[in-house]
Structure formats: C-alpha cells, structure tokens
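Undergrad: Attaching a predicted model along with its sequence, questions to come.
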Amino acid sequence: MVERSTDQERDFALGRVIAIVNDKGGVGKTSIAANLAGQFAGAGYRCLLIDLNRQANLADDLGYRNADADDQGAGLLGSVLAGTPLTPVADVRPKLDVVCGGARLEDLTPVMVSRLQHRGRKAFRVLGDVLAPIATDYEVVFIDCPPESTILSDLALAAARWVLMPTKSDVGGLVGMTLVAERFALAQEINPRLGLLGVVLFGTGSRSRAIHGEARAAIDRAFGGNSPRFETSIRHAERTAQDARRLGKLAHELEIEAAAQPAWWEALRSGVRTPRVSETAASVAGDYRALGVEVLTALQAAEEAERAGTADGTAAPA
C-alpha cells in the first residue's frame, strides 16, 4: 500500500500535474497532451502522460497501439484498486513515459461509484494518491481526460494542480467547457489548489479573429472575469491530423519527415508511389511550439507568485 504522505508533501509532488479536460469530444485534448509532452520531452524535460481515455487515442498518436507495453489500462486500474504507485511505460519517446489507458478502464467507473457512496467526494483523491509517489520523477505531468465521463475526469481534477482546457469555437465545445467550469468549482472543495492555467482554441482558422473574440467572451462567461487564455490557437489541418494517426508520429516529428522527403516532382519522376507527409505539419508543429512556450511561461509565473505568497489559484499566460 502507498504510505500516506502529509498533505504538504502530496501538494508538492503534484505541483506540476496538468489535467487537459473538456466534456466535449473532438476538441483536441489528446492531440494537445501528446504534442506538448512530446515537444517538452524533446527539449529535455522529463514528462509523464496519463491516459484516462478508454479509447486510448494516445496509443495511436504515439504509435504504441498493440505493442507489448500497451496494457489497455490494466496497470492504472490495478493501482487505483490496490492503492499502489502507478507504473509507467518508460521511454515511449526519450524522456517521455506513459501510463496507458484503454478498455480496462471500463471497470474503473463502477469501482468509483461504489467508493463515492461510502466515502463521498474525497474518494476522487485516489488518483493523486497513487500518482504522488512517482510525480517528483517528472518535471511536467499531463493527464488526458476522456469526454463525457465525469467520474474519470473528476479523478483528474482531484489530482491536478492545473487545468488546461482546449475548446473549439462551436457551440458543442463551448458547452463542454461550461460544464467543466461547473465541476471545476466542485473539485476545488477537495482540491483547493486547483487552478485554471488557461484555455486554448483548437482546430480554428488561423485568421478567424472574430470567431476567436466570440469564443474568448464565452470563456470569460464560463469562468468569470478575465479568465486566463492562451494567445496561441492550434490551426485546423486535416491532412496532418490523418498523417499523425496513420504513422503514430507527433507534429514536430512529421515536420522533420516532411522536410526530408523528396520534392513531389522528384518522386513523380522516379515512379515511386508512397504516401507523402503534408507540408502543413510544419505550421501545426509551430503552433504547438508557441503553445508550449506559453504553458511553461504560465507555470513559471504561477510558481513565482506562489513562492512570493501572492498566488490566487489562477495563472495568466504571458
């Protein structure tokens, strides 16, 4: 069993845990989790990804679907049941470890329903309890939350120090964000340090300023006042998204591959017919790099404010 640490030790261990959450599917949670973690790891940060999604789309984005290490969430489920520390799969990318999700997480919901009946909302603290013993091995921990599964998302909200919320500018994405805002307040009852790191627009036209303005107004209404939001948005690039899932590679990896492939006329002349990686990968990778800088800047600002004794539970991106 996990030895019970003090609340102060637990809070310190979980200080850089970021839950990526929106109740609506298709708003970029998994893509953002995978690409930020991959870019941070590529820059030398030790990162951990926790997949709470029963569809386990991280396995496709990172290319480990059906590999020997892909336990379909059995390890995560076992840790929650037994109260033992999580055991990540090491080096899915250099410096990037993963706690796999998958079909076995179907069994986690009824377990949590039973525990909630007996222990109340404090039962949600269990993910933080099994994460805390290993969290200090990493500089950043991302939790990829599933859509439309409030129990699994509430586990993440009870473990996280920060929430990063992707949304699209359509009604569905903004409604999903509003629903999370309501549960965000509930989660703070058992996790009072939980703060909103920022909201990021995903899959929008890079120049749709009017749409961005409307979405940002909706964000402020959902969270109250001038809510933190990132200036960077992740553009819509269908070909790059398809290439990523087909090849199990991240945007910056596709960028490198696209730059190395022969020009289209050279490939045509040689008679070689192989799928080409879309040139838009470079633009998408650039978006993720810019977002990564904003995320790290926001974390640094929040931590400096906290050390100075002036943190108020939110962080404003630079």
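TA: Alright, I've got the coordinates.

Undergrad: Give me the neighbour count for E139.
TA: 16 (other Cβ atoms under 10 Å). Glycine gets a C-beta too; all of them are placed from N, C-alpha and C.

Undergrad: residues contacting the closest residue in space to it that isn't next to it in sequence?
TA: For E139, ignoring the flanking residues on the chain, the nearest one in space by Cβ to Cβ, 6 or more residues apart in numbering is Y45 at 4.5 Å. By Cβ atoms under 8 Å, 6 or more residues apart in numbering, Y45 lies in contact with K95, E139, V140.

Undergrad: could you dump these to TSV with pLDDT?
TA: Compiled in TSV, the contacts of Y45 are given as follows (pLDDT from 0 to 100):
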residue	pLDDT
K95	97
E139	97
V140	98
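
Undergrad: In the protein, mark out all the helices, start to finish.
TA: 7-13, 29-42, 57-61, 74-82, 108-119, 126-135, 150-159, 171-187, 209-223, 238-247, 251-260, 264-270, 281-307 (DSSP state H).

Undergrad: What ranges in this protein fall below the confidence cut-off?
TA: 1-5, 169-178, 205-212, 215, 222-227, 261-275, 277, 310-318 (pLDDT under 70).

Undergrad: Longest strand in it, please.
TA: Longest strand in the chain, counting residues (DSSP state E): strand 195-204.

Undergrad: how distant is that one from the center of its chain?
TA: 11 Å (Cα atoms, centre = their mean, to the nearest Å).

Undergrad: for stretch 119-133, same thing?
TA: Distance, centroid of stretch 119-133 to centroid of chain: 19 Å (Cα atoms, centre = their mean).

Undergrad: And for stretch 238-257?
TA: Counting by Cα atoms, centre = their mean, stretch 238-257 comes out at 18 Å from the chain centroid.

Undergrad: which parts of that stretch are buried?
TA: T240, A241, D243, A244, L247, K249, L250, A251, H252, E253, L254, E255 (16 or more other Cβ atoms under 10 Å).

Undergrad: got it, and stretch 14-33?
TA: For stretch 14-33, by 16+ other Cβ under 10 Å, it's 14-33.

Undergrad: And stretch 100-115, by the same measure?
TA: Buried residues in stretch 100-115 (16+ other Cβ under 10 Å): C100, G101, G102, R104, L105, L108, M112.

Undergrad: outside of it, which residues touch it?
TA: 50-56, 58-59, 64, 69-77, 80-81, 89, 123-124, 126, 144, 149, 151-152, 155.

Undergrad: How about stretch 118-136?
TA: Identification of contacts with stretch 118-136 by Cβ under 8 Å, 6+ apart yields 2, 5, 9-10, 12-14, 16-17, 48, 50, 79-80, 83-86, 88, 112, 115-116, 141, 154-159, 186-187, 189-191.

Undergrad: Filter these down to the buried ones and hand me the ChimeraX line.
TA: Only the buried entries of the contacts of stretch 118-136 go into this ChimeraX selection, using 16+ other Cβ under 10 Å:
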select :10,13,14,16,17,48,50,79,80,85,86,88,112,141,154,155,156,157,158,159,187,190,191
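
Undergrad: Isn't A59 up against A69?
TA: No - here A59 does not reach A69: they are 9.7 Å apart, not a contact under Cβ atoms under 8 Å.

Undergrad: Those two: which is more packed in?
TA: A59 (25 against 15).

Undergrad: Look up how far R245 lies from the closest residue to the more buried one other than its chain neighbours.
TA: Once flanking residues are discounted, A59 sits nearest to R65: 4.1 Å by Cβ to Cβ, 6+ apart. Computed as Cβ to Cβ, to the nearest Å, the R65 to R245 distance reads 10 Å.

Undergrad: ok, the residue nearest to A59 - contacts?
TA: A56, A59, G248.

Undergrad: do S149 as well
TA: S149 sits in contact with L52, R54, T109, where contact means Cβ under 8 Å, 6+ apart.

Undergrad: Out of these, flag the one nearest to R307.
TA: Distance to R307 across these (Cβ to Cβ) is lowest for L52, with 30.3 Å.

Undergrad: Write a PyMOL command that selects only the buried members of the contacts of stretch 100-115.
TA: To isolate in PyMOL the members of these that are buried, counting by 16+ other Cβ under 10 Å, one can use:
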select buried, resi 50+51+52+53+54+55+56+58+59+64+70+71+72+73+75+76+77+80+89+123+124+126+144+149+151+152+155
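
Undergrad: still on that earlier bit, which stretch among the helices of the chain comes nearest M165?
TA: helix 171-187 (5.8 Å).

Undergrad: Number of residues surrounding A132?
TA: Neighbour tally, A132, other Cβ under 10 Å: 22.

Undergrad: leaving aside the residues next to it on the chain, what's closest to it?
TA: In space, A132 is closest to A13, 4.1 Å off (Cβ to Cβ, 6+ apart).
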